[in-house]
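A.B. asks: I'd like to go over a predicted model; first the sequence, then the structure.
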Amino acid sequence: MTSDDDGLLRFNVFNKPVVLATETDSGSVAGKLWSVSLVLLDYFQKLGPETFADKKILELGAGVGLLSIALSRAGASVTCTDLPSALPMLDENCEKNKNADSGACRVTALGWGVEGFEESGIAQEMQTNGDYDYIICADLCYDESLHDILVETLQRITGPKTVVYLIYIDRMNFDIMLNVKLCEAEDPEGTDKEFRIDMVKDTDYDCLGVEGIHFYKVMYN
Ligand SMILES: C[S@@+](CC[C@H](N)C(=O)[O-])C[C@H]1O[C@@H](n2cnc3c(N)ncnc32)[C@H](O)[C@@H]1O
């Protein structure tokens, strides 16, 4: 990653350029690039573009969009989501990185929780296109009051074969409570589906010097 005088961050991802605007001065949570994204990006790059080519991927709380744009560079069809207030920056970054040599990266509003899901049109997208292969959750557990609605969303967007990449930093000890909520969640449709959480071993990824990383692959079936 490099940062130039124009304030843009530049990356080489899957041997292709990615350029990102951020809002480092605004105090906005969504306008910054959070460090675990870089750890996940490094992990994805080591898996190689073939893991993601032609896959259907949805990112929750995408922030400035690095991971969504990177995965589209690998040839994936990505639905990049966040709160409506975060969409102008996401749109700008996806537009900057539009490339004939990439998969699609479509930006859409998705606030967590039942209401946000119903307003988003994601249910219709899933009916037309089928389940997502991967869901990306990078640094979304920093506010315990959001855990319940995050679980509600994951229950609605995770198909039986979908792999959720869940990565976060244990900042204040309660981030891990999301795992407890996932394990205790009862399926809203009354089925016996439950979340299974597998830890990604710290020898399987490079933490890039970031301390306190929790990294899991989650399934719901
Ligand atoms: C710490 S940032 C992480 C951003 C990005 N994933 C990264 O790692 O750089 C948390 C993100 O979650 C989003 N977010 C917070 N609450 C949300 C909610 N209720 N519904 C949808 N997104 C939310 C924020 O807008 C922000 O983009």
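C.D. replies: On my side now, so go ahead.
A.B. asks: residue 33 contacts residue 23, correct?
C.D. replies: No: contact criterion CB atoms under 8 Å: residue 33 and residue 23 do not qualify, at 10.1 Å. Glycine gets a C-beta too; all of them are placed from N, C-alpha and C.
A.B. asks: so for those two, which sits in the more crowded spot?
C.D. replies: Using other CB atoms under 10 Å, the more surrounded residue of residue 33 and residue 23 is residue 33, with 21 against 16.
A.B. asks: which strand or helix spans the more buried one?
C.D. replies: For residue 33, there is no host helix or strand (DSSP states H and E).
A.B. asks: same check on residue 197?
C.D. replies: Assigned by DSSP H and E, residue 197 falls in strand 195-199.
A.B. asks: circling back to that earlier point, common neighbours of residue 33 and residue 23, please.
C.D. replies: residue 64 (CB atoms under 8 Å, 6 or more residues apart in numbering).
A.B. asks: quick one: the helices in the chain?
C.D. replies: With DSSP state H as the criterion, the chain has helices at 35-47, 66-73, 87-96, 114-120, 122-129, 147-157, 177-184.
A.B. asks: just list whatever residues bridge to the residue lying closest to residue 101 once chain neighbours are set aside.
C.D. replies: Spatial nearest neighbour of residue 101, excluding adjacent residues (CB to CB, 6 or more residues apart in numbering): residue 16 at 6.7 Å. Applying DSSP bridges to residue 16 gives these bridge partners: residue 13.
A.B. asks: walk me through which strands the lowest-mean-pLDDT helix or strand in the chain pairs with, and which way each runs.
C.D. replies: None of the helices or strands of the chain scores lower by mean pLDDT, DSSP states H and E than strand 2-3, at a mean of 76. In the sheet, strand 2-3 lines up against strand 9-13 (antiparallel) (DSSP bridges).
A.B. asks: what's the local residue count around residue 32?
C.D. replies: Around residue 32 there are 17 other residues, counting by other CB under 10 Å.
A.B. asks: can you give me the pLDDT of residue 143?
C.D. replies: Note on residue 143: pLDDT of 88.
A.B. asks: please report phi then psi for it.
C.D. replies: Torsion angles at residue 143 (phi, psi; degrees, to the nearest 10) stand at phi -130, psi 110.
A.B. asks: isn't residue 166 up against residue 219?
C.D. replies: No: judged on CB under 8 Å, residue 166 makes no contact with residue 219 at a distance of 10.8 Å.
A.B. asks: neighbour-wise, which of those two wins?
C.D. replies: residue 166 (26 against 17).
A.B. asks: before I go, just wanted to say thanks for your time.
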